[in-house]
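Participant: Need a 3D model of the following:
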Amino acid sequence: MDLLVGRIPFLVCAPFFHGFLGREGEFPRVRFVDGPPSLHSKGLREGTIHLSPASSITFAQKPGAFVLSPDFCTSCSFEVRSVKLFSRFPVESLDGKVVRLTSQSQTSVALLKILLQERYRVRPDFVQGLAADPADDACLLIGNLALEETERHRFAYSYDLGTLWQDWQGMPFVFGAWIIEKSALAPALRPTLETYLQETERSVEAFRADPAAALDRWISRFPVNLDKKAVLDYYKIIDYHFTDERKKSLEVFFGYAAKLGLVEKAPPLEFL
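Facilitator: Below you'll find the model as predicted:
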């Protein structure tokens, strides 16, 4: 049986995966499935993949089905840059306005709803979509689309959701976590899983040691419409260590998500 890994071809996840590019033959029991966080969240819930650095809210959507890697997450100190609300109005003035929500990440959508309702006390009208529309009052974008929209300067206001959360809660937000479906813990798969996670750690370390070379390797497989220097600057603010503070932040997020009915309940964190 192969270990099915949900690979997210966004710049934010390049450190997790670049070390495997061109080496697939060294891992004959590992198979990558490419797609955005929302696709892998669905795959985890339905059991069609075994693990992915997926939207962190996925863990709370099917309590008891998953464990988390205790070591890795996708987080930041204040700004994350790749999860942004772009708006023609100040965030405090979005009550009754139309806000387009990305279809690529359920965590970012849940976080925005929590921030708007609990912090800013506004209730916009939400519509779904992938990219910004010229008629939008505001739109939530993630990943490469958010980075590219920042360079266009088409909206009067932009809000980094990582900054909004940390200003409010005093803790960095956890956008993605390595979520592992418990079937991967079976004896037939666990050795492959453990080897894969060890190689993932080496991939992150190698990226940190020489980000320019690692980025070249990544972009050759997954091109982007961004200046390389801007991309390298982006990695200076992303952190992949799942610290105790970040684990606490994730619990607080799940609590708010349950309060707003975005998940049924806030589950306790369970680790590999």
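
Participant: Chain neighbours aside, what residue packs nearest to Leu226?
Facilitator: Using C-beta to C-beta, 6 or more residues apart in numbering and skipping the chain neighbours, the partner closest in space to Leu226 is Leu147 (5.8 Å). Where you see a C-beta, it was placed from the backbone N, CA and C, and this is true even at glycine.

Participant: elements contacting the top strand by length along the chain?
Facilitator: Secondary structure of the chain read by DSSP state E shows that its longest strand is strand 66-76. Contact partners of strand 66-76 among helices and strands, from 3 or more C-beta pairs under 8 Å, 6 or more residues apart in numbering; DSSP states H and E: strand 51-55, helix 58-61, strand 174-181, helix 190-209, strand 238-241, helix 244-259.

Participant: Could you check how far the fifth one is from the centre of its chain?
Facilitator: Same thing as strand 238-241. With C-alpha atoms, centre = their mean, to the nearest Å as the basis, strand 238-241 stands 11 Å off its chain's centre.

Participant: tell me the mean pLDDT for that strand?
Facilitator: Model confidence over strand 238-241 averages 93 on the pLDDT scale.

Participant: And stretch 100-114, end to end?
Facilitator: Taking C-alpha to C-alpha, to the nearest Å, stretch 100-114 runs 15 Å from one end to the other.

Participant: so how far is it from its chain's centroid?
Facilitator: On the basis of C-alpha atoms, centre = their mean, stretch 100-114 sits 11 Å off its chain's mean C-alpha point.

Participant: Buried residues of that stretch, list them for me.
Facilitator: By neighbour count on 16 or more other C-beta atoms under 10 Å, the buried set for stretch 100-114 is 100-102, 104-114.

Participant: Equivalent analysis for stretch 241-249, please.
Facilitator: Applying a neighbour-count criterion of 16+ other C-beta under 10 Å, the buried positions in stretch 241-249 are Phe242, Arg246, Lys247, Ser249.
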